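In: Okay, here's the prediction I keep looking at, along with the sequence it came from:
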There are 2 protein chains.
Amino acid sequence: MHMDRFPSRLLENAVNEFAKLPGIGRKSALRLVLHLLKQDVQDVEIFGNSLIQLRSEIKHCKICHNISDTDVCSICANPTRNPALICVVENIKDVMSVENTHQFNGLYHVLGGIISPMDGIGPSDLEIESLVSRVNEGVAEEVILALSTTMEGDTTNFFIFKKLKNTNIKISTLARGVSIGDELEYTDEVTLGRSIVNRMSFEDSIIK
Amino acid sequence: MHMDRFPSRLLENAVNEFAKLPGIGRKSALRLVLHLLKQDVQDVEIFGNSLIQLRSEIKHCKICHNISDTDVCSICANPTRNPALICVVENIKDVMSVENTHQFNGLYHVLGGIISPMDGIGPSDLEIESLVSRVNEGVAEEVILALSTTMEGDTTNFFIFKKLKNTNIKISTLARGVSIGDELEYTDEVTLGRSIVNRMSFEDSIIK
């Protein structure tokens, strides 16, 4: 059946491989592969090798567990960043999101997930012990919990809070409130309610 | 700026490469690359190499110009197919579409495009001369023009028709009419009008 459809095993293999990627069906996979067929041999080699090299050579920073090209990542190795602040995030993407704000000059700690009993992910699957060790080394002064505001995020926040509450460290979390640019009419009630209870000084609300 | 955003050059390279593919933006590229990072090293090697191998080893059938793993493709080399029928199509995908119908047992001729002055594609850019040579060899009895029913498709059909009209070959084209499963209310007027003029015997309309 498949031999009927595909005029080439090489084509079929490439389509099958592409279709394993999330969100890419067999039609899209074929379209992408036919596109690659029209490119120069060297360009396709560069593409394929960039993926192979990424996977085989990538490292995880031994301090913050973010992905890195070196044993210690460029953020942890940067002497202009403040080691007293540790921002705890779920994954690599979240590091990039916070970095893109240009509002944070501390270091990170990448948990590698959040506690999610439904998915079989418990505290021991995450980089929580290494966070505790890092805090016990004594350089950090504040841990900022920057996890999603979901049930799983809250559970993980609370677990980390319990682990760290006997140290002298300050534990904070991201401000919750009405998103900037949101119309009040469309803000959910829980967020709006909390925003009133936790109202802040007008001066602090001005974006500098 | 980019070094800020990406914690790794390897990651950045892979994302840049993925984002070159049509229909894949930088956000999707990052998502796909982070997915690959979670896969086994061997699996990513298989993926990358399947693309490199496809591009470097793929051949074009010297008879029909379809892509092939061998000098003559599996369709042209198949002795049970009828060499008297040549179905002319625009590209590889169209061969696969016709094959998927399981209604055609002849051979193909892949033009590699259609005449499109707007895109700078003229007859000499297409495999039209090789079609004429193939017909002149004398095995073929009928050429079926299976191009898109667009202006470019019609132009290409007419050009090929002129090139072949002095041979003894029968030249046919795909039946045009109301799509099977279409409601008449939503069928465009041109198609419906032609379908009435070119009405067919009811017996022939029954799908066997």
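Out: Yes, it's here. Numbering: from 1, shown residues only, chains lettered A, B, ... in the order given.
In: use CA for all of it now, contacts and neighbours both
Out: Noted.
In: A:Lys162 in helix, strand or coil?
Out: With DSSP: H, G, I helix; E, B strand; the rest coil as the basis, A:Lys162 sits in helix.
In: From B:Arg31, how far off is the closest residue to A:Cys73 other than its chain neighbours?
Out: Leaving aside its sequence neighbours, A:Cys73 sits nearest to A:Cys61 (C-alpha to C-alpha, 6 or more residues apart in numbering or on different chains; 5.1 Å). Remark: distance between A:Cys61 and B:Arg31 (C-alpha to C-alpha, to the nearest Å) = 20 Å.
In: Then A:Ser148?
Out: In terms of C-alpha to C-alpha, A:Ser148 sits 18 Å off from B:Arg31.
In: hmm, back to that, which residue of A:Cys61 and B:Arg31 possesses the greater neighbour count?
Out: Between A:Cys61 and B:Arg31, counted using other C-alpha atoms under 10 Å in any protein chain shown, the more crowded position is A:Cys61 (22 against 16).
In: What values do phi and psi take at the more buried one?
Out: phi -60, psi 130 (degrees, to the nearest 10).
In: List the contacts of it.
Out: Going by C-alpha atoms under 8 Å, 6 or more residues apart in numbering or on different chains, A:Cys61 touches A:67-68, A:70-73.
In: How far off centre is the longest strand along chain A?
Out: For chain A, the longest strand by residue count, based on DSSP state E, is strand A:82-89. Its chain's C-alpha centre and that of strand A:82-89 lie 15 Å apart, by C-alpha atoms, centre = their mean, to the nearest Å.
In: Alpha carbons only: can I get that strand in PDB?
Out: Taking Å, rounded to 0.1, in the frame of the first residue of the first chain, the C-alpha atoms of strand A:82-89 are listed here in PDB:
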ATOM      1  CA  ASN A  82      23.500  39.100  40.300                       C
ATOM      2  CA  PRO A  83      24.000  35.600  42.000                       C
ATOM      3  CA  ALA A  84      21.900  36.700  45.000                       C
ATOM      4  CA  LEU A  85      18.700  36.400  42.900                       C
ATOM      5  CA  ILE A  86      17.500  32.900  41.700                       C
ATOM      6  CA  CYS A  87      14.500  32.800  39.400                       C
ATOM      7  CA  VAL A  88      12.900  29.300  39.500                       C
ATOM      8  CA  VAL A  89      11.300  28.300  36.200                       C
END
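In: Run through who's touching whatever helix or strand comes next after it.
Out: Next helix or strand after strand A:82-89 toward the C-terminus (DSSP states H and E): helix A:92-101. By C-alpha under 8 Å, 6+ apart, the residues outside helix A:92-101 that reach it are A:66-67, A:89, A:104, A:108, A:110, A:112, B:4-7.
In: Strand A:82-89 and helix A:92-101, what's the angle between them?
Out: 130 degrees (axes from the mean of the first three to the mean of the last three C-alpha atoms, to 10 degrees).
In: Report the mean per-residue pLDDT for helix A:92-101.
Out: The average pLDDT for helix A:92-101 rounds to 88.
In: Now do the helices in chain A.
Out: A:2-5, A:9-19, A:26-37, A:41-57, A:92-101, A:129-136, A:151-164, A:189-197, A:202-205 (DSSP state H).
In: Pick out the shakiest of those, pLDDT-wise.
Out: Taking the mean pLDDT of the helices of chain A, helix A:2-5 comes last: a mean of 50.
In: about what we covered before: of the contacts of A:Cys61, which count as buried by neighbour count?
Out: A:67-68, A:72-73 (16 or more other C-alpha atoms under 10 Å in any protein chain shown).
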